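[1] next input, structure requested:
(2 chains)
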Amino acid sequence: GQNIDQPTEMTATEGAIVQINCTYQTSGFNGLFWYQQHAGEAPTFLSYNVLDGLEEKGRFSSFLSRSKGYSYLLLKELQMKDSASYLCAVRGGWAGNNRKLIWGLGTSLAVNP
Amino acid sequence: DVKVTQSSRYLVKRTGEKVFLECVQDMDHENMFWYRQDPGLGLRLIYFSYDVKMKEKGDIPEGYSVSREKKERFSLILESASTNQTSMYLCASSFNRQTSKNQPQHFGDGTRLSIL
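    Now for the predicted structure:
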């Protein structure tokens, strides 16, 4: 079957660095997405990886290893506003125009002062 | 910026009512999606559409139907609302043929639907 695993909860301290892991097993692979979702709000797109390696975007970076079925989201210089749920999603086999995503359940990150 | 607009933020309906949730996107996206999100269950796909008048079942289509008469609008219909359909409903869209790379789904603000 198709499956995405990520930790349910994490806590970290303001100013620190945190790494949120995601492992996946899917039939085919055509990209991995990270989203941020604050409580009561919609998910917002953070990053996209389709090739192995690190993609950096300001304080956020995302890494992908396709051979290991593994990704992580790295958040640096944590701020209180980074307290949110972080969702990992994989686009499976190529369907011509990227349709469905397979979603993890999300990692709830609490940033403490 | 992509704008996905859902018709209501909060909605309260009664058991047995027919409920319509509307979603409009302004980016000429091909794909549109309806999800529901419940604590501990994550995002679950109800239906999606990849073209006008085309639809495909997602993971939990039972009790729902959809309509896509125009490219920019995707409607979710609860045929006969039940209490177990109380949830947060999220609409998303993706993929413009003119910009085919790196196509995330963009979400509306969500509709918190309560069925009493």
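[2] going forward, measure contacts and count neighbours with C-alpha atoms only.
    OK.
[3] correct me, but residue A:90 touches residue A:31?
    Yes - between residue A:90 and residue A:31 there is a contact at 5.9 Å, judged by C-alpha atoms under 8 Å.
[4] just want to know which of the two has more residues nearby.
    Legend: neighbour count by other C-alpha atoms under 10 Å in any protein chain shown for residue A:90 and residue A:31, higher for residue A:90 (26 against 22).
[5] just checking, the more buried one is part of a helix?
    No - Residue A:90: not assigned to a helix; according to DSSP: H, G, I helix; E, B strand; the rest coil it is strand.
[6] could you measure from it over to chain B?
    Separation of residue A:90 from chain B (C-alpha to the nearest C-alpha, to the nearest Å) stands at 11 Å.
[7] beta-bridge partners for that residue, please?
    Going by DSSP bridges, residue A:90 is paired in beta bridges with residue A:32, residue A:102.
[8] tell me who's in contact with it.
    Taking C-alpha atoms under 8 Å, 6 or more residues apart in numbering or on different chains, we find residue A:90 in contact with A:24, A:26, A:29-33, A:101-103.
[9] distance between the ends of stretch A:55-65?
    In stretch A:55-65, first residue to last residue: 12 Å (C-alpha to C-alpha, to the nearest Å).
[10] so where's the chain shaky on pLDDT?
    Chain wasn't specified; assuming chain A. A:93-98 (pLDDT under 70).
[11] looking at chain B here, not the other one
    B:96-102.
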